[in-house]
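1. Predicted model and sequence below, questions to follow.
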Amino acid sequence: MAKSYLIQTLLRNRRIPLEIIFLIQQFILLKIDETKEFGDDGKPTGRIIGYSLTCVELTNYERIIVKVSTLKLPITNDELQEIRNNGGKVLIEFDNATIMPYISERNNALMDSIKADDFRVVPDGEVNLL
């Protein structure tokens with residue numbers, strides 16, 4: 001039987017700026033996946049409502065997934081993978097990125113929900129590693 005815990009924190013159901021967690025606000029982009037809408041019946045409707053970006057942060061190289069609500073991409077996943085296959089890296093920055101802890105019953109764990117309004121590709125001359 002799984003253990004249950006009483007979660008008492010002021011952070012639950014509150015979004016905080018991602019910059020509080022990661023001092024460097026540039027991330028290496030690894031993959032872009034479509035985020036699809038789900039209907040009231042729990043089944044996908046086929047409508048794209050945003051994208052999930054798999055990234056690596058630049059301090060401890062932790063992998064994170066950030067959901068963005070934009071439908072306009074500055075780079076496609078195919079373009080990204082071509083750059084990566086040729087040994088390149090794509091750095092990005094997020095607009096209004098926030099993080100919020102939530103309880104995942106599927107994983108039986110406290111996890112992070114990271115969302116942003118949009119993202120941009122960082123030009124080579126603007127790389128900021130503190």
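-> It's in. Numbers count the residues shown, from 1 in each chain.

2. who touches whatever helix or strand residue 64 lives in?
-> For residue 64, the element it lies in under DSSP states H and E is strand 63-68. Here strand 63-68 makes contact (Cβ atoms under 8 Å, 6 or more residues apart in numbering) with 27, 30, 35, 50-57, 94, 97, 112-119. Heads up, the C-betas are built off the backbone N, CA and C, glycines and all.

3. Which of the residues you listed fall in helices?
-> Nothing among these maps onto helices, per DSSP state H.

4. Just the buried ones out of those, please.
-> Among the contacts of strand 63-68, those classed as buried by 16 or more other Cβ atoms under 10 Å are 27, 30, 50-51, 53, 55, 57, 94, 97, 114-116, 118-119.

5. from those, which two are the most distant?
-> Of all pairs drawn from these, the greatest distance, 20.3 Å, lies between 50 and 57 (Cβ to Cβ).

6. mind checking the longest strand of the chain?
-> Secondary structure of the chain read by DSSP state E shows that its longest strand is strand 44-57.

7. For it, which strands pair with it and how are they oriented?
-> strand 27-38 (antiparallel), strand 63-68 (antiparallel) (DSSP bridges).

8. Nearest to residue 20 among those would be which one?
-> Across those, residue 20 has its closest neighbour in strand 63-68 (14.1 Å, Cβ to Cβ).

9. Can you list the buried residues in that closest one?
-> Across strand 63-68, burial judged by 16+ other Cβ under 10 Å covers 64, 66, 68.

10. ok, so of those residues, who is nearest residue 76?
-> Taking Cβ to Cβ as the measure, residue 76 sits nearest to residue 68 out of the buried residues of strand 63-68, at 13.8 Å.

11. Next one: the closest one relative to residue 51, how far apart?
-> As for residue 68, its distance to residue 51 is 5 Å (criterion: Cβ to Cβ, to the nearest Å).

12. Just the C-alphas of the helix or strand of the chain at the bottom of the mean pLDDT ranking, formatted as PDB.
-> Scoring the helices and strands of the chain by mean pLDDT, DSSP states H and E places strand 98-104 at the bottom, with a mean of 89. Extracted in PDB, the C-alpha atoms of strand 98-104 (Å, rounded to 0.1, in the frame of the first residue of the first chain):
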ATOM      1  CA  THR A  98       6.700  30.000 -13.700                       C
ATOM      2  CA  ILE A  99       7.000  26.800 -11.600                       C
ATOM      3  CA  MET A 100       4.400  25.300  -9.300                       C
ATOM      4  CA  PRO A 101       4.600  22.100  -7.300                       C
ATOM      5  CA  TYR A 102       1.700  19.600  -7.600                       C
ATOM      6  CA  ILE A 103       0.900  16.100  -6.500                       C
ATOM      7  CA  SER A 104       0.900  13.500  -9.200                       C
END
